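**Student:** Structure of the sequence below:
(one chain, ligands or ions: 3)
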Amino acid sequence: MKLRGLYAITDSQLLAGKFLKYVEAALEGGVTLLQYRDKSDDQARRLREAETLLTLCERYKTRLIINDDAELAARIGAGVHLGQSDGPLTPARALLGRQAIIGSTCHDQLPLAEQAAKEGASYVAFGRFFNSTTKPGAPTASLELLDQARASLHLPICVIGGISLENAAPLVNHGADLLAVVHGLFGADSADEVTRRARAFNALFNS
Ligand SMILES: Cc1ncc(COP(=O)(O)OP(=O)(O)O)c(N)n1
Ligand SMILES: Cc1nc(C(=O)O)sc1CCOP(=O)(O)O
Ligand SMILES: [Mg+2]
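**Tutor:** Numbering: from 1, shown residues only. Ligands and ions are numbered 1, 2, ... in the order given. Sure, this is the predicted structure:
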């Protein structure tokens, strides 16, 4: 499967009261990867929601990624996204198997991406590229870094952090394969607008 296009990431606060409606609206518009990102400790709810999202993803032929939690990913047969403090990649690959999608946060550091590639990551993520209300404190990354990453890495490159329809085009032009978006997708006033935004993000890869 080609990892290229929109990477939608859920946010439990932003999507409160409209979680499945907005997620399905995004899937309707086209989503390459969907990440379930819930930073709570409510294991029962996390399992329930992850299973529901997996069923929805199967219907739309989208791959589900669980943020932070390789055990939950293994339990339901999804992929996982691991940050630098979320545990090592090698055991996660052993746990999830060769086919699983495993992503790695590399902030603004190429050496982290090279290491992640060696340890079996399926994609590497750089960010944040713009101001983010979802994660304001994340380290910043630049288009120059993206150029260097594109020239030296042979893995799909994901970009994240404050991405919107207004600022995403240069990231694609500088070699990003996956646009990871929370607020710029789900911070919409209606489900129809989420679908429209998803289509418009994907169209950036065809222009
Ligand atoms: C696609 C993608 N890229 C980066 C992150 C951030 O991961 P991390 O640094 O572990 O921070 P949290 O999201 O866990 O707060 C991500 N989740 N997804
Ligand atoms: C979860 C996350 N990680 C980041 C990083 O830079 O590693 S930025 C970020 C938040 C992404 O949400 P939004 O699209 O609303 O800015
Ligand atoms: Mg994490």
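**Student:** Skipping adjacent residues, who's closest to the residue in the chain that ligand 1 sits nearest to in space?
**Tutor:** Nearest residue of the chain to ligand 1, counting by CB to the nearest ligand atom: Gly83, 1.8 Å away. Every C-beta, even on glycine, is put in place using the N, C-alpha and C of the backbone. The shortest distance from Gly83 to any non-neighbouring residue, by CB to CB, 6 or more residues apart in numbering, is to Thr105 (4.2 Å).
**Student:** So the residue of the chain closest to ligand 1 is in contact with Leu112, correct?
**Tutor:** No - the criterion here is CB atoms under 8 Å, and Gly83 misses it with Leu112 at 10.5 Å.
**Student:** any common contacting residues for these two?
**Tutor:** Residues touching both Gly83 and Leu112 (CB atoms under 8 Å, 6 or more residues apart in numbering) are Ser104, Thr105.
**Student:** Tell me which stretches of this protein form helices.
**Tutor:** Using DSSP state H, the helices of the chain run over 19-29, 43-60, 70-76, 89-96, 110-118, 143-152, 169-173, 183-186, 191-203.
**Student:** Which of the ones you listed has the highest mean neighbour count?
**Tutor:** Among those, ranked by average contacts under mean count of other CB atoms under 10 Å, first place goes to helix 183-186 (a mean of 23).
**Student:** by contact count, what packs against that helix?
**Tutor:** In this structure, helix 183-186 packs against strand 5-9, helix 19-29, helix 191-203, with contacts taken as 3 or more CB pairs under 8 Å, 6 or more residues apart in numbering; DSSP states H and E.
**Student:** Dump the ones you listed to TSV, plus distance to His174 and mean pLDDT.
**Tutor:** Conversion of the helices and strands packed on helix 183-186 to TSV gives the following (distance: least, CB to CB, whole Å; pLDDT from 0 to 100):
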stretch	distance to His174	mean pLDDT
strand 5-9	16	99
helix 19-29	24	98
helix 191-203	16	98
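**Student:** Gln35: which of these is closest?
**Tutor:** Gln35 lies closest to strand 5-9 among the helices and strands packed on helix 183-186, at 4.3 Å (CB to CB).
**Student:** do that closest one and ligand 3 meet?
**Tutor:** No - Strand 5-9 does not reach ligand 3 (CB under 5 Å from the ion); its nearest approach is 11.2 Å.
**Student:** quick one, that strand and helix 191-203 angle?
**Tutor:** Strand 5-9 and helix 191-203 are oriented at 140 degrees to each other (axes from the mean of the first three to the mean of the last three CA atoms, to 10 degrees).
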